[in-house]
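S.K.: I would like to see how this sequence folds:
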Amino acid sequence: MTDTLVKDAMSTPMLTLDAEATVNEASRGMLEAGIKSLVVVGEACRPEGIFTSTDVLEVAADGRPTDEATIGEYMTTPVQTVDPGASLSAVGRRMVEEEVGHLPVTDADGNGVGILTMTDLTEALSGAEVPAEST
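M.R.: Have a look, this model is predicted:
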């Protein structure tokens, strides 16, 4: 585990949308991809936030129409990111300590190249392959 790097466990490609996309668009995209989160990106694919299935529940609780509410209104910011060359064990500790379930993986220029989820981390720890719809 200590030699495993984020790039060996991250999911690619990651689903991305801009902050003006509607919650309806985001929900459909996550459902079709079988995932529970997407990365909200700005210029040059730089992560600006995370939007998750939990955020969809918040929209519903607010009584907002999903075709009017934008993901920018509900995304988690500021977004925390991780380097693809980081140690998976160190990043795993960070995710647990900071209660973060999804970390966009960024290159040296700050552009998103993948995402590391708790499911990815669990899969890497167990050595088992988890179906994509579990992430």
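
S.K.: could you pull out the strands for the protein?
M.R.: Secondary structure of the chain, counting by DSSP state E: strands at 16-17, 37-41, 47-52, 102-106, 112-117.

S.K.: Please name the residues that touch the residue nearest the centre of the chain.
M.R.: With distances taken as Cα atoms, centre = their mean, the residue of the chain nearest its centroid is His102 (4.3 Å). Each residue near His102 by Cβ atoms under 8 Å, 6 or more residues apart in numbering is listed here: 37, 50, 52, 115-118. (C-beta placed from N, C-alpha, C; glycine too.)

S.K.: Show me the shaky parts of the protein.
M.R.: 1-2, 128-135 (pLDDT under 70).

S.K.: What's the local residue count around the closest residue to Pro104 other than its chain neighbours?
M.R.: Using Cβ to Cβ, 6 or more residues apart in numbering and skipping the chain neighbours, the partner closest in space to Pro104 is Pro47 (4.1 Å). When neighbours are counted by other Cβ atoms under 10 Å, Pro47 registers 24.

S.K.: what's near enough to touch Pro47?
M.R.: 39-41, 79, 81, 104, 106, 110, 112.

S.K.: With distance to Asp3 and neighbour count added, can I get those residues in a markdown table?
M.R.: Listed next are the contacts of Pro47 as a markdown table, based on distance: Cβ to Cβ, whole Å; neighbours: other Cβ atoms under 10 Å:
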| residue | distance to Asp3 | neighbour count |
| --- | --- | --- |
| Val39 | 27 | 26 |
| Val40 | 32 | 25 |
| Val41 | 30 | 20 |
| Val79 | 27 | 20 |
| Thr81 | 22 | 17 |
| Pro104 | 23 | 29 |
| Thr106 | 22 | 20 |
| Gly110 | 26 | 13 |
| Gly112 | 25 | 22 |
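
S.K.: Mind picking the one among these that's closest to Glu32?
M.R.: Closest approach to Glu32 among these (Cβ to Cβ): Val39, at 16.0 Å.
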